[in-house]
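1. following is a predicted model, sequence given first.
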Amino acid sequence: MTRFDFAQGRGTECPHEAQVVHAVLTGSWPAQCDDELTAHAAQCEICGEVATVAAVLRADHDEARRAVLVPAAGQVWWRAAVRARLERAQAATRPMTWLHGITGAMAIGVMLSVIGMAWPSITSGVEWARILVVALVTSGDAAGAVTGALRQSVIIALAAGALLLIAPIVLYFALSDD
Amino acid sequence: MTEEAFRTFYELTARPVRVYLARMTGDERLADDLLQEAYYRFLRSNAAFASDDHRRNYLFRVATNLVHDHRRRPRVEVPAPNAVHETAAAPAERHTAERAAIRIDVSRAMSQLKPRERSLLWLAYAQGWSHEEIAAALGLKTASLKSMLHRARRRLAALLKNPGGRP
């Protein structure tokens, strides 16, 4: 009848166990249930243990269930719907964020290659600045000095203008979250 | 799932799940959070179920996994072992001091069990589920569940007999 657990050195199952649990759960244990069953539980270690544990847990469950407060179903549904919508929106903007990052990286790459190509002009620009400073210091004619220097390096001026145009666009794509 | 169907399902399951979560975590506030999360994950899964029992088992499985996930996370705040009793003490004013004391003993004994033992005992003896239902909800094999349940029951019985000591 009783299955034996070698590790524990005693029986682990009794065929009346389910009846005892049922009696406890239906509230008929011990007064309103079969006398034979109560007599058996008094003798059987397993059923006695089941009756004790089940009675205590069921009483605790019933009392806790009476006392517990749960949010309204509509509230739970609404919160879940809002959260699902937010998660969907976040998931939808994720590719855009990637796109922004890639665009920013590409713009930086373009800028670096432009700088690389224009490097000889940049070095000549340094020379241009030096001439300009020297001319200003020696002649005192600022307008003439600037015009003279510009004549020497039109490319520098064009590169500076292009940078001024590209920089805000690059910054916008790199930093915007939307 | 439609909102109407959800309402019906929620009315049937919310209280048992909430009580289950409170007993598993020993923390009433955490149980509230996990309840909301459990229903959210349940709704998000959008799974098809063969029956209401299957649906309910799935919800309890989600709730159980949430409790386990929470336990695995690094703890910021460790709830007191008798947090359940303290928060539950206010409604217990309606009841006798003796019944409240029994509840405290039960909660204290449960808190000394392993999480899986708590789940097994609660579903078997407080919820009255069959071994098959418990196995489905906890992702266990029915054959191994019986011996696990037996061991858990022995431990709880020993703890209830001797509330202050170890089983």
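-> That came through, no problem. Residues are numbered from 1 along each chain as shown, chains lettered A, B, ... in the order given.

2. going forward, measure contacts between C-alpha atoms and count neighbours the same way
-> Noted.

3. please name the nearest non-neighbouring residue to residue B:49.
-> residue B:55 (5.7 Å; C-alpha to C-alpha, 6 or more residues apart in numbering or on different chains).

4. thinking that neighbour is in contact with residue B:45, fair?
-> No. Applying C-alpha atoms under 8 Å as the test, residue B:55 and residue B:45 come out as separate, 11.3 Å apart.

5. the two: which has the busier surroundings?
-> Between residue B:55 and residue B:45, residue B:55 has the larger neighbour count (other C-alpha atoms under 10 Å in any protein chain shown), namely 17 against 9.

6. a helix runs through that one, doesn't it?
-> Yes. Checked against DSSP: H, G, I helix; E, B strand; the rest coil, residue B:55 lies within a helix.

7. what's the distance between it and chain A?
-> Distance from residue B:55 to chain A, counting by C-alpha to the nearest C-alpha, to the nearest Å: 17 Å.

8. what pLDDT does the model give residue 111?
-> No chain was given, so I picked chain A. For residue A:111, the pLDDT comes out at 85.

9. you answered for a different chain; I wanted chain B.
-> The per-residue pLDDT of residue B:111 was computed as 86.

10. what distance do you get for it to residue A:27?
-> According to C-alpha to C-alpha, to the nearest Å, residue B:111 stands 26 Å off from residue A:27.

11. pick out whichever of the two has more residues nearby.
-> Comparing residue B:111 with residue A:27 by other C-alpha under 10 Å, the one with more neighbours is residue B:111, at 18 against 15.

12. correct me, but the more buried one touches residue B:26?
-> Yes. Here residue B:111 reaches residue B:26: they are 7.0 Å apart, a contact under C-alpha under 8 Å.

13. domains of chain B?
-> B:1-79, B:112-167 (automatic domain parsing).

14. format those as JSON lines; extra columns: distance to residue A:51.
-> Listed next are those as JSON lines, based on distance: least, C-alpha to C-alpha, whole Å:
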{"stretch": "domain B:1-79", "distance to residue A:51": "20"}
{"stretch": "domain B:112-167", "distance to residue A:51": "9"}
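
15. contacts for the lengthiest helix in chain B?
-> Secondary structure assigned by DSSP state H gives helix B:3-25 as the longest helix of chain B. Residues from elsewhere that reach helix B:3-25 (C-alpha atoms under 8 Å, 6 or more residues apart in numbering or on different chains): A:61, A:64-65, A:68-70, A:73-74, A:77, B:28, B:30-32, B:34-35, B:56, B:60, B:63-64, B:67, B:84, B:107, B:110, B:115, B:118-119, B:122, B:127.

16. of those residues, keep whichever come out buried.
-> Buried members of the contacts of helix B:3-25, counted by 16 or more other C-alpha atoms under 10 Å in any protein chain shown: A:61, A:64-65, A:68, A:70, A:73, A:77, B:28, B:31-32, B:34-35, B:56, B:60, B:63-64, B:67, B:84, B:107, B:110, B:115, B:118-119, B:122, B:127.

17. what number of residues lie near residue A:95?
-> 11.

18. how about residue B:36?
-> Residue B:36: 21 surrounding residues under other C-alpha under 10 Å.

19. give me phi/psi at it?
-> Main-chain torsions, residue B:36, degrees, to the nearest 10: phi -60, psi -40.

20. touching, it and residue A:78? I think so.
-> No. With contact taken as C-alpha under 8 Å, residue B:36 and residue A:78 are classed as non-touching, separated by 11.0 Å.

21. and the longest helix of chain B, which residues are buried?
-> Buried residues in helix B:3-25, defined by neighbour count with 16+ other C-alpha under 10 Å: B:6-7, B:10, B:14-25.

22. ok, now stretch A:37-45?
-> Neighbour-count burial for stretch A:37-45 flags A:37, A:38, A:41, A:44 (criterion: 16+ other C-alpha under 10 Å).
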